[in-house]
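> sequence first, then the predicted structure, then my questions.
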Amino acid sequence: MLYPLKVKLIHEDALLPYQANEGDAGFDVYAIENKMIPAGESALIRTGLQVELPEGTEAQIRPRSGLALRHAVTVLNSPGTIDEGYRGEVKIILINHGKNEFIVEKHMRIAQMVVAPVLRVKLEQTDILSDSARGEGGFGSSGK
Ligand SMILES: O=c1ccn([C@H]2C[C@H](O)[C@@H](COP(=O)(O)OP(=O)(O)OP(=O)(O)O)O2)c(=O)[nH]1
Ligand SMILES: [Mg+2]
């Protein structure tokens, strides 16, 4: 079953997110502006999109591996979180880890959006947590 992902284009240059192949996890999102990101710096990039997600989901904003590999450009807050109830413009925080400036061009696919289920939970404060095999071990406790 396909859940509806409603998308509203709020800028004349906005393009619908692009799914390269049916079944791909992510829809690529396009920049609607040209922006230069100096080496080592980050920038907030407009997409011209507003979305209405299926109930009980979020959208994750993830990097595109091609941009990361070729230019060391990634999503600073990856995975960015688009909350189900958010109706503002989806924006992408790109960081340029490369040695050269990176030019974002209008209609460049700069990141991908993955819709994922969110488990609804009720916070319960307690003084007692169940025992487990791992216990408090972490941060390399299991060895190399
Ligand atoms: O990469 C991102 C991350 C977030 N958002 C939007 C959608 C999200 O629902 C909202 C809030 O994001 P988040 O919870 O990550 O930011 P916050 O710093 O906690 O802000 P807030 O106090 O508004 O929740 O900002 C984006 O457009 N792009
Ligand atoms: Mg928040």
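Now that the structure is in, tell me what you want to look at. Residues are numbered from 1 along each chain as shown. Ligands and ions are numbered 1, 2, ... in the order given.
> against residue 99, how distant is the closest residue to ligand 1 within the chain?
Using Cβ to the nearest ligand atom, the closest approach of the chain to ligand 1 is made by residue 80 at 2.5 Å. Every residue, glycine included, has its C-beta placed from N, CA and C. Residue 80 sits 25 Å away from residue 99, taking Cβ to Cβ, to the nearest Å as the criterion.
> cool, residue 25 as well?
Applying Cβ to Cβ, the value for residue 25 to residue 99 is 30 Å.
> which one of these two has more residues nearby?
Ranked by neighbour count (other Cβ atoms under 10 Å), residue 25 and residue 99 place residue 25 first, with 12 against 8.
> can you read off the pLDDT for the more buried one?
Turning to residue 25, the model gives it a pLDDT of 97.
> returning to what we had before: skipping adjacent residues, who's closest to the residue of the chain closest to ligand 1 in space?
residue 61 (3.3 Å; Cβ to Cβ, 6 or more residues apart in numbering).
> again with residue 3
residue 54 (3.9 Å).
> distance of that neighbour relative to residue 142?
Shown here: residue 54 relative to residue 142, a distance of 37 Å by Cβ to Cβ.
> who's more crowded, those two?
Remark: of residue 54 and residue 142, residue 54 carries more neighbours, 14 against 8, as counted by other Cβ under 10 Å.
> that one and residue 5 touch, don't they?
Yes: counting by Cβ atoms under 8 Å, a contact exists between residue 54 and residue 5, whose distance comes to 6.8 Å.
> hang on, residue 69 in a helix?
Yes: under DSSP: H, G, I helix; E, B strand; the rest coil, residue 69 sits within a helix.
> counting contacts, what elements does the helix or strand harbouring residue 51 pack onto?
Assigned by DSSP states H and E, residue 51 belongs to strand 49-52. For strand 49-52, the elements it packs on are strand 6-9, judged by 3 or more Cβ pairs under 8 Å, 6 or more residues apart in numbering; DSSP states H and E.
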